[in-house]
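S.K.: Show me how the following folds:
(2 chains)
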Number of protein chains: 2
Amino acid sequence: MLEDVIKRKARSAKAASTVLSGTSLQKRNALLKAIAARLASETQAILSANGKDLRLAARTGLSKVLTERLTLDEKRIGQMINGVKDIMALPDAIGRILETVDRPNGLHIEKQSVPLGVVGIIYESRPNVTIDASALCLRSGNAVLLRGGSEAIHTNKALVRIIAMAVKDMNLPSGCVEFIDTTDRKAVLAMIHQDDAIDVIIPRGGGRLISFIRANSTVPVIAHGEGNCHVYVDRSADLPMAEEIVFNAKVQRPSVCNAAEKLLVHETVARAFLPRMAARLRGAGVAIKGDQRARALVAGIVPAGPHDWPKEYLDLVIAIKVVKNVAEAIAHIGRFGSHHSDAIVTRSGKNAARFLREVDSAAVYVNASTRFTDGFEFGLGAEMGISTQKIHARGPMGLAELTTVKYVIRGTGQIRV
Amino acid sequence: MLEDVIKRKARSAKAASTVLSGTSLQKRNALLKAIAARLASETQAILSANGKDLRLAARTGLSKVLTERLTLDEKRIGQMINGVKDIMALPDAIGRILETVDRPNGLHIEKQSVPLGVVGIIYESRPNVTIDASALCLRSGNAVLLRGGSEAIHTNKALVRIIAMAVKDMNLPSGCVEFIDTTDRKAVLAMIHQDDAIDVIIPRGGGRLISFIRANSTVPVIAHGEGNCHVYVDRSADLPMAEEIVFNAKVQRPSVCNAAEKLLVHETVARAFLPRMAARLRGAGVAIKGDQRARALVAGIVPAGPHDWPKEYLDLVIAIKVVKNVAEAIAHIGRFGSHHSDAIVTRSGKNAARFLREVDSAAVYVNASTRFTDGFEFGLGAEMGISTQKIHARGPMGLAELTTVKYVIRGTGQIRV
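M.R.: Next up is the predicted model:
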């Protein structure tokens, strides 16, 4: 039965996690090195498996955006290899002594960073997640249970086979990386109920996937949710700067979660700003929606409906709303945003401070593009993704966020009085 | 409708949380001072409300342990007041700059500590949680939504009224502390579905409550679960030390989560250790259960069944198992433990190191009583309770664990290339 298979894989990962948590940094780096080497030597096998997925995608009419995400080539495999090597260079996240307390009664207390244990990752079309996420988990001493998208199944199987070979090369238990190789959706449900073996579930994907997992998981969840990101152009904004920021946030890479989906404009500058901004966006192929006031200022804007404001387009589409002031902008973002990345363009220190304080998102910007929300752009290094929740990890989730703590207490017979 | 009431309270707390997150440390301390003052001036009103609950408890036959937890007197109210004052003295947990990154492109990135927002607390009989938890949440800039046990309803109402008066004294919105004053169990279900208003649910209670909340909550959960704590007496243990530790861990305060519930003994020392240990425990009124090997060594031990090993007794009961070695002890704790606090008594550095590494609990002890797992005993100060999960908070959960982070990025027009 499917459920038994999932349970067995989760338990196998749990057993491996105990071994992994005791390995040296040297050993874990050697494992990553072996993965990088196998990726290089098996590039053709990966591309051949990817070809199968792409042919299937063409037959089933997978969308252009998803097909683009699915596609591998030698350059992208090279990027995976470099990604693994970059992770090898990061400081060790486990075995650190975070705090030491010596108590008057002689107890010596250490707060240590330790691996989470077993990390379950549920993701969609990008096959590079298979490598990136496994490398981050293994480097931080965690075993991993992967569940990728059905459209990438052949590519993912090839990548997991490569990791398995590297794990075997290092004489580590095969449970270090387990992969759910069925595309049956019931596997997800079974996986999120293995709370005695899986320590955390990290879903990466759209709102429906995240909501389903949140509502049904008995394992704690760290959601890497949608990015319905906003740029608000304030009354005192430097308008040429605002134009550059909005254009970059929308157009530079529309398929990613830190791209802007909404433009809010202060009513006082809307007339001066919007016609020019709209022309520039249209020049790059952006479809523009808007509220009544935006449509009154620019011809040809499609009405934005109630379903638009909370929506993540991940495409060359933007919705524009004219607002009365910074308070209305903040309230709109609070109501419809996804707590990912939001920006204000302003010359007002007061409005900037208020926006930074009251917008409840992982990353809040003044006078910069939302596109910078990314572990590398923040100077933090490789990441699992961007957490849009507040618990455990918020924003770029790297090695440190793949650990928990353990209190280790050494005594000489102390009892409590 | 009940659900609407809960939704309204959660939204009211959300709105208040925005105000609270912007308050100064001075203001939050003044609020705590006002709460402490009101607790002192309203002591008789609290005791009178508590009397109602106690009379009801007597009529409904509430257990002795739960009645003891429910009972307030002037001394316990004095402890609450001191608890609030202690929290005032702690360093501020919010507004801290945890990391600063200046990027080559001129972006200035700050990782700031900010409040979680709205903390939902679901707890059972202890009314002091109403004050302790509220004080910790308010001090860290969080609004709080409380759901206490039905057996403490009058006491909790009186305590919440006191907090409300203090909140009003400080001109803060009443939503800072919301209380669900119905004892209808459906209120819990409604509460754990307010994921657009509540940022985290902290359940404190027994395994059934925690499992129910984990399985049904769409709000992230930080569980303060059971403590099925173990003491393992190793082959090389100093036996008189082991006896003191086991006795303390079991008897000193059996109703709390860090009390020992299980005793594992290495087979080589079982004959020398168990008869004496059992006599001492029995002398303190402890009922002893055990496996076959323990029962062969001490007359009158009741057989321990499969339901005993995972059970938290919270009472003068202990179950004993004789094990072959440290590996069997670790495996038993891994299988049946609650990941709270577990101890080894040993003279072997090797076995101690292995136990510390492989036992996957929030607190792991060598040669000390499990009873020390407590914010004050660890020198960390007041806490919400002991988290038995790995995500976000593990072990004593204090002010720092009531915060999350926000990335604040200041630019001068930066766009991503």
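S.K.: From B:Thr412, how far off is the one residue in the stretch 251-400 of chain A that gets nearest to chain B?
M.R.: As assessed by CB to the nearest CB, chain B sits closest to A:Ala368 within the stretch 251-400 of chain A, at 3.0 Å. For every residue, glycine as well, the C-beta is placed using N, CA and C. Plainly put, A:Ala368 is 8 Å away from B:Thr412 if you go by CB to CB, to the nearest Å.
S.K.: Who has more neighbours out of those two?
M.R.: The residue with more neighbours, out of A:Ala368 and B:Thr412, is A:Ala368; 29 against 13, by other CB atoms under 10 Å in any protein chain shown.
S.K.: contacting residues around the residue nearest to that one when sequence neighbours are not counted?
M.R.: Distance criterion CB to CB, 6 or more residues apart in numbering or on different chains; nearest residue to A:Ala368, sequence neighbours excluded, is B:Gly411 at 3.0 Å. B:Gly411 makes contact with A:365-368, B:106-108, according to CB atoms under 8 Å, 6 or more residues apart in numbering or on different chains.
S.K.: one more time with 6 Å, if that's ok
M.R.: By CB atoms under 6 Å, 6 or more residues apart in numbering or on different chains, the contact set of B:Gly411 is A:367-368, B:107.
S.K.: I'd guess it is in a strand, am I close?
M.R.: Yes - assessed with DSSP: H, G, I helix; E, B strand; the rest coil, B:Gly411 lies in a strand.
S.K.: Could you report the pLDDT at it?
M.R.: With respect to pLDDT, B:Gly411 scores 98.
S.K.: what bridges to the residue of the stretch 251-400 of chain A closest to chain B?
M.R.: Beta-bridge partners recorded for A:Ala368 (DSSP bridges): B:Gln414.
S.K.: would A:Ile344 count as being in a strand?
M.R.: Yes - according to three-state DSSP, A:Ile344 belongs to a strand.
S.K.: element containing A:Thr404?
M.R.: With elements taken from DSSP states H and E, the one containing A:Thr404 is strand A:403-414.
S.K.: Go through that strand and flag the buried ones.
M.R.: A:403-411, A:413-414 (16 or more other CB atoms under 10 Å in any protein chain shown).
S.K.: Columns distance to A:Glu74 on top of the residues you listed, output as TSV?
M.R.: Listed next are the buried residues of strand A:403-414 as TSV, based on distance: CB to CB, whole Å:
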residue	distance to A:Glu74
A:Thr403	34
A:Thr404	38
A:Val405	41
A:Lys406	43
A:Tyr407	48
A:Val408	47
A:Ile409	52
A:Arg410	53
A:Gly411	58
A:Gly413	63
A:Gln414	61
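S.K.: Can you tell me the number of residues neighbouring A:Ser63?
M.R.: 12.
S.K.: now do A:Ala223
M.R.: Number of residues near A:Ala223 (other CB under 10 Å) recorded here: 23.
S.K.: pLDDT wise, what is it at?
M.R.: With respect to pLDDT, A:Ala223 scores 86.
S.K.: and if you look at A:Arg185?
M.R.: Reported pLDDT for A:Arg185: 81.
S.K.: what does A:Leu159 give?
M.R.: Note on A:Leu159: pLDDT of 98.
S.K.: so how far is B:Leu72 from A:Ser348?
M.R.: From A:Ser348 to B:Leu72 the distance is 52 Å (CB to CB).
S.K.: out of these two, which sits in the more crowded spot?
M.R.: B:Leu72 (24 against 16).
S.K.: Is that one in contact with B:Ala49, as I believe?
M.R.: No - using CB atoms under 6 Å, B:Leu72 is not in contact with B:Ala49; the gap is 8.9 Å.
S.K.: and A:Glu99, how many neighbours?
M.R.: Neighbours around A:Glu99, by other CB under 10 Å: 13.
S.K.: What parts of the stretch 51-200 of chain A come near chain B?
M.R.: A:101, A:103, A:109, A:116, A:199-200 (CB under 6 Å from any CB of the partner chain).
S.K.: Please list the members of those residues that lie in strands.
M.R.: Per DSSP state E, strands hold the following members of these: A:101, A:109, A:200.
S.K.: what about A:Asn156, helix or strand, and which?
M.R.: Secondary structure from DSSP H and E places A:Asn156 in helix A:153-169.
S.K.: Make sure A:Val118 is actually in contact with A:Asp196.
M.R.: No - using CB under 6 Å, A:Val118 is not in contact with A:Asp196, being 10.2 Å away.
S.K.: Neighbour count: the two, which is higher?
M.R.: It is A:Val118, of A:Val118 and A:Asp196, that has more neighbours when counted by other CB under 10 Å, with 29 against 12.
S.K.: What residues does A:Leu20 make contact with?
M.R.: Taking CB under 6 Å, 6+ apart, one finds A:141, A:143, A:176 in contact with A:Leu20.
S.K.: Where does it sit: helix, strand or coil?
M.R.: helix.
S.K.: how many neighbours does the residue of the stretch 201-350 of chain A found nearest chain B have?
M.R.: Using CB to the nearest CB, A:Asn248 is the residue of the stretch 201-350 of chain A that sits closest to chain B, at 3.6 Å. Close neighbours of A:Asn248, defined as other CB under 10 Å, add up to 23.
S.K.: Residues touching the strand or helix carrying it, excluding its own?
M.R.: Take DSSP H and E as the rule and A:Asn248 turns out to sit in helix A:239-251. Around helix A:239-251, the neighbours that count as contacts under CB under 6 Å, 6+ apart are A:231, A:233, A:260, A:263, A:273, A:277, A:280, A:284, A:318, A:345, A:369-371, B:413, B:415.
S.K.: again, only this time at 7 Å
M.R.: With contacts defined as CB atoms under 7 Å, 6 or more residues apart in numbering or on different chains, helix A:239-251 is touched by A:231, A:233, A:259-260, A:263, A:269, A:272-273, A:276-277, A:280-281, A:284, A:286, A:318, A:343, A:345, A:367-371, B:413, B:415-416.
S.K.: how far does stretch A:311-321 sit from the chain's center?
M.R.: In terms of CA atoms, centre = their mean, to the nearest Å, the centre of stretch A:311-321 is found 20 Å from the chain centre.
S.K.: Which residues does it contact?
M.R.: Taking CB under 7 Å, 6+ apart as the rule, stretch A:311-321 contacts A:65, A:226-228, A:250, A:254-255, A:260-265, A:274, A:281, A:285-291, A:294, A:304, A:308-309, A:332, A:338.
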